[in-house]
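Visitor: Okay, here's the prediction I keep looking at, along with the sequence it came from:
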Amino acid sequence: MNNTEQVKLSLKKRYAREKRFQWYGKIAVWIGFVFLATLLLDITLKALPAFQKTEIQLQVPIDWETLGLQPDTRIDPESLRTVDFGGVLKKSLREVFPDVKKRKDKKLLYRLISSGAEYQLRDLILSEPELIQQGKISLWVTADDDVDTFYKLKKSTSRIKPKQAEMIQQLMDQGKIRTRFNDTFFQNSDSREPEQAGIRGALVGSFWTLLVTLVISLPIGIGAAVYLEEFAPKNKLTDIIEVNINNLAAVPSIVFGLLGLAVFINFFGMPRSAPLVGGIVLSLMTLPTIIISARAAIKSVPPSIKEAALGLGASHMQTVFHHVLPLAMPGILTGAIIGMAQALGETAPLLMIGMVAFIVDVPGGILDSATVLPVQIYLWADSPERAFTALTAAAILVLLAFLVTMNAIAIYLRKQFERRW
Amino acid sequence: MTTLHETAPVIDAHQDIQFDGTIGENLVENAKFSTRNVNVFYGEKQAIFDASLDIAENEVIALIGPSGCGKSTYLRSLNRMNDTIPICRVEGELKLDGENIYGKSMDPVLLRARVGMVFQKPNPFPKSIYDNVAYGPRIHGLARNSSELDEIVETSLQKAGLFKEVKDRLDAPGTGLSGGQQQRLCIARTIAVSPEVILMDEPASALDPIATATIEELIDELRENFTIAIVTHSMQQAARVSQRTAYFHLGRLIEVGQTNQIFTNPRHQLTENYITGKFG
């Protein structure tokens, strides 16, 4: 047997091996894709109901007498304080179902609408006082979350009594119940009632927290990277610093939370649950990412550009600031945005510093109590009401949308500012 | 078929060389640069041994020699570009107009403004053509106002023989020019600072023959105003552009002389071997 035949024999084996390997790769990619698609599909399907809210149409009497006010009273929050809007709504509910007489049944009837409906009515009258002249208005009020779930799923749940199911059926027959886009979800903050809960507070909280993170970690990160890469002498100390920065990137994030609790809150006495502390803690977490990526970006600037500037008599500092940094910027920004995206999705360290509190107000600044998107998801996922499942999924979708957007910006920046030399 | 071995016995470039000091006219009267007993080390490794060489005012001196002979290292020690390499150490006496280049009173930034450099690979900044040339004058504050700056940019581009080709697109990126144009842009950028000396490190090695010819003509014209030291791999180029030639071999300055003498009548065996193409 000569060499050629030997090679021919082994060829078959080699090709088979290559084919097998390619198949392994394809299978791995497909498994990953299926998992991802299942996850996204599941979340999207679960979230869809949350983007719709159920409303019930009521004919609400709002003449001066029903409101219990003297005619032509000035309408302002103070004068409306005494008005029993709940009672007004109850009255209009009874008008829709005149045959409901029993006390027990009335209670069930009143539970059809959200406890927030009276504020809806109050706000409407506050903004348009002239409606009172009409005496009666037709108003779509938010339904209770149990009704909402029942109406969307079109099947009975244990939370809906048979009597209530009858009532809802009657409303459907009369066309007095509908679903429409859930603006509440984007306008409200957290609430115990799912139909009144929204992500605005968490979004604003995330914004403040990320703002603090950005303001702290970007300048410090870039400064540290520039110094370490361009100016620092290469010795034992800088080696130790370098190793430790890399180690820091691997520290579990909850440890940063404990550190924040011990140092910033307990020692420095900064406010609990505030975006300020959250931002500082997340900065500690993102700093290694930013420093490492910024150093890589600075290192990748071709030495010929630096030599050109130095050869013209530019000082080291001028070389760095006029040439190295601008060329490294896309890489630095990419790293920073990825670090920010990480910070946006971080939950654990924020639990430690009290950003897990139930907060109904939209935070007005970095010192107000706040929560953030991922923590809001965590809180809702923990809530027993069925409607929170959809809200959780919807909040996850919003968070994912933000993460995808941030990564897209990072890719765009890299493509846009990438220069050839 | 004759093999290379039969016609030209390859001489091992790394054989032990007999070196009893540089021969030829390595020292001159009106020296711009004067260097004595220069030793350069990269860490433990010594790259240049005891080189003593003068560079006269308004001459073009060519530094030639096989790869790794230390000619670029020597050139880069003249404007302290070697400072950027942490492990590099330069010993000996190097003077520019009698002033010690490595002395305490010498500022490397000022030195590099006086001694410009053109690199092997064209390295324009990723900025416009105008900004490339204007960068040096800007950082040194050479122009009082924008019209003065415009003038410096224009004359520099003219001296570099590039102005006609780019005058309509000064805002275009310098990196968009052809290789030869980029190198002339780099020369214009160097001239814009009005240095006294221009060091050129194989300025045409990345260029095609036509662009190379343009650069060589340019060097000839620049000689009127500048002192030029050029490292080159091409012996023809050295012969065409330079008045004096210095031959380096394995870190040693073997022979220095008038260019036509070096190429027609080399005194040292190694120089002869190199210019006759027995190694390189």
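Guide: Done, it's in. Numbering: from 1, shown residues only, chains lettered A, B, ... in the order given.

Visitor: residue ranges with poor pLDDT in chain B?
Guide: B:1-19, B:279-280 (pLDDT under 70).

Visitor: Apart from its neighbours in sequence, what residue is nearest B:Q243?
Guide: Once flanking residues are discounted, B:Q243 sits nearest to B:E59: 4.9 Å by C-beta to C-beta, 6 or more residues apart in numbering or on different chains. For glycine as for every other residue, the C-beta is placed from the backbone atoms N, C-alpha and C.

Visitor: Kindly report the same for A:L261.
Guide: In space, A:L261 is closest to A:M352, 5.0 Å off (C-beta to C-beta, 6+ apart).

Visitor: Tell me, how many residues neighbour the one you found?
Guide: 22 (other C-beta atoms under 10 Å in any protein chain shown).

Visitor: Would you report the backbone torsion angles of A:A16?
Guide: Main-chain dihedrals, A:A16, degrees, to the nearest 10: phi -60, psi -40.

Visitor: I'd say A:L131 and A:I62 touch.
Guide: Yes: A:L131 lies in contact with A:I62 (C-beta atoms under 8 Å); the separation is 6.3 Å.

Visitor: which residues are contacting stretch B:68-78?
Guide: Under the contact criterion C-beta atoms under 8 Å, 6 or more residues apart in numbering or on different chains, stretch B:68-78 has outside partners B:33, B:35, B:38, B:40, B:47-48, B:51, B:53, B:63-65, B:82, B:90, B:94, B:96, B:101, B:115, B:117, B:197, B:199, B:201-202, B:229, B:231, B:246, B:248-253.

Visitor: show me which of those neighbour chain A.
Guide: B:M117 (C-beta under 8 Å from any C-beta of the partner chain).

Visitor: Which members of the contacts of stretch B:68-78 are positioned in strands?
Guide: B:33, B:35, B:38, B:40, B:47-48, B:51, B:53, B:63-64, B:90, B:94, B:96, B:115, B:117, B:197, B:199, B:201, B:229, B:231, B:246, B:248-249, B:252-253 (DSSP state E).

Visitor: Which of A:L131 and A:I62 has more residues huddled nearby?
Guide: Set A:L131 next to A:I62 and count neighbours by other C-beta under 10 Å: A:I62 wins out with 22 against 16.

Visitor: Could you pull up the contacting residues of that one?
Guide: A:V88, A:L121, A:I125, A:L131, A:I132, A:Q134, A:G135, A:K136, A:I137.

Visitor: for whatever residue of the stretch 201-350 of chain A ends up closest to chain B, helix, strand, or coil?
Guide: At 3.4 Å from chain B, A:G313 is the closest residue in the stretch 201-350 of chain A, using C-beta to the nearest C-beta. Recorded secondary structure, A:G313: coil (DSSP: H, G, I helix; E, B strand; the rest coil).

Visitor: how many neighbours does the closest residue in space to it that isn't next to it in sequence have?
Guide: Excluding the flanking residues, the one nearest A:G313 by C-beta to C-beta, 6+ apart is B:A113, at 3.4 Å. Neighbourhood size, B:A113 [other C-beta under 10 Å]: 22.

Visitor: How about A:I222?
Guide: 23.

Visitor: Can you tell me the element it falls in?
Guide: Using DSSP states H and E, the element containing A:I222 is helix A:200-226.

Visitor: With A:I137 instead?
Guide: Here A:I137 is assigned to strand A:136-142, by DSSP H and E.

Visitor: how far out from the middle of the chain is that strand?
Guide: 32 Å (C-alpha atoms, centre = their mean, to the nearest Å).

Visitor: With stretch B:214-233 instead?
Guide: Using C-alpha atoms, centre = their mean, the offset of stretch B:214-233 from its chain centre is 9 Å.

Visitor: what distance separates the start and the end of that stretch?
Guide: Stretch B:214-233 has an end-to-end distance of 17 Å (criterion: C-alpha to C-alpha, to the nearest Å).

Visitor: List the buried residues for that stretch?
Guide: B:214-216, B:218-219, B:222-223, B:226-233 (16 or more other C-beta atoms under 10 Å in any protein chain shown).

Visitor: Spit out the contact partners of the closest residue to chain A within chain B.
Guide: Residue of chain B nearest chain A, by C-beta to the nearest C-beta: B:A113 (3.4 Å). Listed by C-beta under 8 Å, 6+ apart, the contact set of B:A113 reads A:L312, A:G313, B:G136, B:H140, B:V193, B:P195.

Visitor: Could you grab the helix/strand/coil label for the residue nearest to A:A224 when sequence neighbours are not counted?
Guide: Once flanking residues are discounted, A:A224 sits nearest to A:I291: 5.1 Å by C-beta to C-beta, 6+ apart. Secondary structure, three-state DSSP: A:I291 is helix.

Visitor: right, and A:I291 touches A:E242 too?
Guide: No: the pair A:I291 / A:E242 is not scored as a contact, 9.5 Å apart, by C-beta under 8 Å.

Visitor: before we move on, back to that, how close does the residue nearest to A:L261 get to chain B?
Guide: As for A:M352, its distance to chain B is 43 Å (criterion: C-beta to the nearest C-beta, to the nearest Å).

Visitor: Tell me which residues touch that residue, please.
Guide: Residues A:I254, A:G257, A:L258, A:G260, A:L261, A:V281 are the ones in contact with A:M352 under the rule C-beta under 8 Å, 6+ apart.

Visitor: so what's the fourth one scoring on pLDDT?
Guide: In this prediction, A:G260 carries a pLDDT score of 91.

Visitor: looking at this, it is in a strand?
Guide: No: counting by three-state DSSP, A:G260 is not found in a strand; it is helix.

Visitor: since we're on it, how many residues are nearby?
Guide: 24.

Visitor: tell me the domain boundaries of chain A?
Guide: Domain ranges of chain A: A:49-182, A:200-417, per automatic domain parsing.

Visitor: what about the longest one, start to end distance?
Guide: In terms of C-alpha to C-alpha, the two terminal residues of domain A:200-417 are separated by 34 Å.

Visitor: ok now that domain, how far from the chain's centre?
Guide: With C-alpha atoms, centre = their mean, you get 16 Å for domain A:200-417.

Visitor: What residues of the helix or strand containing A:T54 count as buried?
Guide: Counting by DSSP H and E, the element that carries A:T54 is strand A:52-61. Under the neighbour-count criterion of 16+ other C-beta under 10 Å, strand A:52-61 has A:Q52, A:K53, A:T54, A:E55, A:I56, A:Q57, A:L58, A:V60 buried.

Visitor: now the residues you listed in CSV, with distance to A:T334 and pLDDT?
Guide: Output for those, formatted as CSV (distance: C-beta to C-beta, whole Å; pLDDT from 0 to 100):
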residue, distance to A:T334, pLDDT
A:Q52, 38, 89
A:K53, 39, 90
A:T54, 44, 91
A:E55, 45, 92
A:I56, 50, 92
A:Q57, 52, 91
A:L58, 54, 90
A:V60, 55, 89
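
Visitor: Among the residues you listed, find me the one that's closest to B:Q269.
Guide: Closest approach between the buried residues of strand A:52-61 and B:Q269, by C-beta to C-beta: A:Q52, at 94.1 Å.

Visitor: how near is that closest one to A:T179?
Guide: 4 Å (C-beta to C-beta, to the nearest Å).

Visitor: Need the overlap of contacts for those two.
Guide: A:K152.

Visitor: same for whatever helix or strand A:T38 lives in, what does it pack against?
Guide: Using DSSP H and E, A:T38 sits in helix A:3-47. Under the contact criterion of 3 or more C-beta pairs under 8 Å, 6 or more residues apart in numbering or on different chains; DSSP states H and E, helix A:3-47 touches helix A:387-417.

Visitor: Tell me the secondary structure at B:E255.
Guide: Applying three-state DSSP: B:E255 is strand.

Visitor: Can you name the residues bridging to it?
Guide: Bridge pairing for B:E255 (DSSP bridges) gives the partners B:I23, B:Y247.

Visitor: Give the full set of residues in contact with it.
Guide: B:E255 neighbours (C-beta under 8 Å, 6+ apart): B:T22, B:I23, B:G24, B:A246, B:Y247, B:I262, B:P266, B:R267, B:H268, B:L270, B:T271.

Visitor: still on that earlier bit, got the contacts of B:A113 as JSON lines, with neighbour count columns?
Guide: Shown next, in JSON lines, are those (neighbours: other C-beta atoms under 10 Å in any protein chain shown):
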{"residue": "A:L312", "neighbour count": "27"}
{"residue": "A:G313", "neighbour count": "24"}
{"residue": "B:G136", "neighbour count": "27"}
{"residue": "B:H140", "neighbour count": "17"}
{"residue": "B:V193", "neighbour count": "23"}
{"residue": "B:P195", "neighbour count": "24"}
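
Visitor: Thanks a lot, see you next time.
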